[in-house]
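Asks: Got a predicted structure plus its sequence, pasted below:
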Amino acid sequence: MMLRAFLTIGAVQVITMLVLLVRTKTFAVVLGPEFVGVMAVIDKLLAVIAQTVSLSLPFAAVRFLPERWTAGPTEFRALFTRMRNLLLALILAATVGALLVTVFRPATWGEALLPYRDALTVAIFGLPVIGLIPFLQNAIAGRMQQNRSMLVGLLHAVVLAVGIVGIWWGGLAGYYAAYAVLGTILVVGVTRLATKGTEAPEPRGTLLQRFVVGLPGPIWRFSGALLILTFLAPYAALFVHYRLLSDHGAETAGWMQAAIGISLAVRAVLGSAHAVFLTPNVNRGGSPGERMEWANHFQMTFCLLAGLAVPPLLLFPDIAIYILYSSAFSPGAMFAMVFVLTEILGLLSGTYQSLVIALNHMPFHVATNLVAQLLVVGMAYLLVGPLGILGAGLAVLVAPVFLYIATMIFLHRSFGLRMPGRVAARSGWLLLGLVAAGLMGALFQGPAWESLLFKAGIYFLVVSGFACLLTGHERRWIRETLEGLRARWT
């Protein structure tokens, strides 16, 4: 059952999130808001470089490798090897180029980053890890092995957490150095895992003959169509962070990162199912109607779990930030709702965007995402200066709203597909509940015990609404699960 798959994936992601909590908490306590804000900008800069030169090969892995795996392990290995080799060559060349720019023209990355040039230089050595881990994780998901794919994410989180030992050795630069070393070891191990059990060893001969990088035409066309997005999407995120850093300072950037941290925790637990479960399945084949039905079932389950898990975070954002970061980041709590809504709407939209891609309508996908990212940049340019963190939140929120509406209109006009009423009702109730919880959490922070009753009431209403929207199949599964647990403990 889909709910069981969600819960399994979510359980692994909860463990992953707890591991990352150690990392985040340590950074917050040891480095403070200033360096956390700077680190967010550096990470976004590295993402721009890595995603641009990757030619969307991590995404192509989960788009094309499931079909090759169905055809046979040999077919899978042959395509995987070529994709890996090309990505490795591209990311190594980008690493060398970025180091040369940092050494000889550091102002290229922005004046605001000049005081942190040493940390940025060391961070660039981690680019191969940043570029290869998503590809390897998606390649394993392409083998229809979601649990192993989730394990890779968990191991990467462990590397991120263990890397904090570098802070005591060399501050922020020490962390990036530790990450580069440990991440490289992880990449080698995961590469072996991705090809485990496949037949036909790699071709023998010279090293040059074995290092084949040619790709089939459909993958080149896929990557070419997404090329501008691989740059613009991370650039839009970088633009928002860098503008806040420039206009309002590193401390404010750190506060915003704390608010974003709550949304990232939500995405970490709920969003992984899109990559390792949704995308491989909608790319296995079938008519548009069959794929839409599968996506609708996925969306129903996602809304249910999000509606139960996310409102408590928004009702108590100050506590969430204190747990994730420290009291020094508490000013960011007021803005958590906007960033969480952005992630949830992005995931709701992503369910149906995966259909557009699976049905090979790349021009529409690229065009709408380009418009969405340009809207983010434009809104950030206008709003971050006068509104600060709120302006940044509103800027990023506009993208998933636009994509959600545009995608549903396209699917209806092109294939006659529309969202069933029960899916629309559950999605709408989820968003309404998150807004209500977020407003209550922003207005009543701190030890205001008199507000607890109202917060409990809002959560009760949200849960009651979802209880009324349960399908008969879900009711039976929940009842059988509870009866099984009761029998086990009695």
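Replies: Sure thing, it's come through. Numbering: from 1, shown residues only.
Asks: got any ranges where this structure has weak pLDDT?
Replies: Of all residues in the chain, those with pLDDT under 70 make up the ranges 1-13, 17, 144, 197-214, 275-276, 445-450, 485, 490.
Asks: for it, what's the longest helix?
Replies: For the chain, the helix that runs over the most residues, judged by DSSP state H, is helix 2-53.
Asks: by contact count, what packs against the host helix or strand of Val377?
Replies: In the assignment (DSSP states H and E), Val377 maps to helix 362-387. In terms of contacts (3 or more CB pairs under 8 Å, 6 or more residues apart in numbering; DSSP states H and E), helix 362-387 is packed against helix 217-248, helix 336-358, helix 389-415. The way it works is simple: take the backbone N, C-alpha and C, and place the C-beta from them, glycine included.
Asks: and the angle for it with helix 336-358?
Replies: For helix 362-387 against helix 336-358, the angle by axes from the mean of the first three to the mean of the last three CA atoms, to 10 degrees is 170 degrees.
Asks: Can you tell me which of the helices and strands packed on helix 362-387 is most buried?
Replies: Across the helices and strands packed on helix 362-387, averaging neighbours per residue (mean count of other CB atoms under 10 Å) puts helix 336-358 on top, at a mean of 23.
Asks: any idea how far it is from the chain center?
Replies: 10 Å (CA atoms, centre = their mean, to the nearest Å).
Asks: Give the other helices and strands that that helix contacts.
Replies: helix 250-270, helix 279-282, helix 288-309, helix 311-315, helix 317-324, helix 362-387, helix 389-415, helix 421-443.
Asks: who's in contact with the closest residue in space to Trp429 that isn't next to it in sequence?
Replies: Sequence neighbours aside, Gly465 is the residue nearest to Trp429 in space, at 4.9 Å (criterion: CB to CB, 6 or more residues apart in numbering). If you count contacts by CB atoms under 8 Å, 6 or more residues apart in numbering, Gly465 has them with Gly307, Trp429, Gly433.
Asks: now Ile228
Replies: Contact analysis of Ile228 by CB under 8 Å, 6+ apart lists Val366, Leu370.
Asks: re earlier: and the residue nearest to Trp429, how far from Leu452?
Replies: The gap separating Gly465 from Leu452 is 20 Å, by CB to CB, to the nearest Å.
Asks: picking up where we left off before, state the next helix or strand along the chain beyond the longest helix of the chain.
Replies: Downstream of helix 2-53, the next assigned helix or strand under DSSP H and E is helix 57-71.
Asks: Buried by neighbour count: which residues of that next one qualify?
Replies: Across helix 57-71, burial judged by 16 or more other CB atoms under 10 Å covers 57-69.
Asks: Tell me the one of those residues nearest Ser149?
Replies: Val62 (9.1 Å; CB to CB).
Asks: Identify the spatial nearest neighbour of the closest one, chain neighbours not counted.
Replies: Nearest residue to Val62 in three dimensions, chain neighbours excluded: Asn138, at 4.1 Å (CB to CB, 6+ apart).
Asks: thought the one you found was touching Phe59?
Replies: Yes - between Asn138 and Phe59 there is a contact under CB atoms under 8 Å: 7.3 Å.
Asks: which residues does Met440 contact?
Replies: Leu314, Leu315, Ser451, Phe454, Lys455, Ile458.
Asks: Most neighbours out of the residues you listed, which is it?
Replies: Leu314 (28 neighbours; other CB atoms under 10 Å).
Asks: Could you check how far that residue is from Ala28?
Replies: Using CB to CB, Leu314 is found at 20 Å from Ala28.
Asks: rewinding a little: right, and out of the buried residues of helix 57-71, which lies closest to Gln257?
Replies: Pro58 (23.9 Å).
Asks: do you know how far that closest one is from Phe125?
Replies: With CB to CB as the criterion, Pro58 and Phe125 are 20 Å apart.
Asks: Let me have the contacts of Met440 in a markdown table, extended by distance to Val371.
Replies: Listed next are the contacts of Met440 as a markdown table, based on distance: CB to CB, whole Å:
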| residue | distance to Val371 |
| --- | --- |
| Leu314 | 29 |
| Leu315 | 34 |
| Ser451 | 40 |
| Phe454 | 39 |
| Lys455 | 38 |
| Ile458 | 35 |
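Asks: and which of those is nearest to Val377?
Replies: The nearest member of these to Val377, counting by CB to CB, is Leu314 at 27.0 Å.
Asks: Please name the residues that touch the closest one.
Replies: Residues in contact with Leu314 (CB under 8 Å, 6+ apart) are Ala336, Met337, Val340, Leu434, Ala437, Gly438, Met440, Gly441.
Asks: and the third one, what does it touch?
Replies: Same thing as Val340. Ile262, Ser263, Val266, Val310, Leu313, Leu314, Leu434, Gly438.
Asks: May I ask which of those has the most neighbours?
Replies: For those, neighbours were counted using other CB under 10 Å, and Leu314 has the most, 28 neighbours in all.
Asks: From Thr407, how far out is that residue?
Replies: Noted for Leu314: a distance of 25 Å to Thr407, by CB to CB.
Asks: go on, Ala273?
Replies: 18 Å.
Asks: ok, now Arg426?
Replies: Distance, Arg426 to Thr407, using CB to CB: 18 Å.
Asks: Also Ala268?
Replies: Using CB to CB, Ala268 is found at 24 Å from Thr407.
Asks: that older thread, what residues of the helix or strand that contains the residue nearest to Trp429 count as buried?
Replies: Element membership for Gly465, per DSSP H and E: helix 452-468. Applying a neighbour-count criterion of 16+ other CB under 10 Å, one finds Lys455, Ile458, Tyr459, Leu461, Val462, Gly465, Phe466 buried in helix 452-468.
Asks: Just after that helix, pick out the following helix or strand.
Replies: helix 472-489.
Asks: which helices and strands does that next one pack with?
Replies: Secondary-structure packing of helix 472-489 (3+ CB pairs under 8 Å, 6+ apart): helix 2-53.
Asks: chain center to the helix it packs on: distance?
Replies: Distance of helix 2-53 from the chain centroid (CA atoms, centre = their mean) equals 9 Å.
Asks: how big is the angle separating it from helix 472-489?
Replies: Put simply, helix 2-53 runs at 110 degrees to helix 472-489, going by the same axes, to 10 degrees.
Asks: Can you lay out the contacts of Val340 as a markdown table showing distance to Phe364?
Replies: Output for the contacts of Val340, formatted as a markdown table (distance: CB to CB, whole Å):
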| residue | distance to Phe364 |
| --- | --- |
| Ile262 | 32 |
| Ser263 | 27 |
| Val266 | 28 |
| Val310 | 30 |
| Leu313 | 34 |
| Leu314 | 33 |
| Leu434 | 28 |
| Gly438 | 32 |
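Asks: thinking again about what came up before, okay, the angle between the helix holding Gly465 and helix 421-443?
Replies: 170 degrees.
Asks: picking that back up, right, and the helices and strands packed on helix 362-387 - which one's nearest Gln145?
Replies: Here helix 336-358 is closest among these (CB to CB), at 18.8 Å.
Asks: Run through the residues that contact Tyr322.
Replies: Ser330.
Asks: separation between it and Leu390?
Replies: 21 Å.
Asks: ok, Thr108 touching Val101?
Replies: Yes - under the criterion of CB under 8 Å, Thr108 makes contact with Val101 at 5.3 Å.
Asks: Which one of the two is surrounded by more residues?
Replies: Set Thr108 next to Val101 and count neighbours by other CB under 10 Å: Val101 wins out with 15 against 10.
Asks: What residues of the helix or strand encompassing that one count as buried?
Replies: Using DSSP H and E, Val101 falls within helix 73-104. For helix 73-104, burial by neighbour count (16+ other CB under 10 Å) applies to 73, 75-88, 90-91, 94-95, 98, 102.
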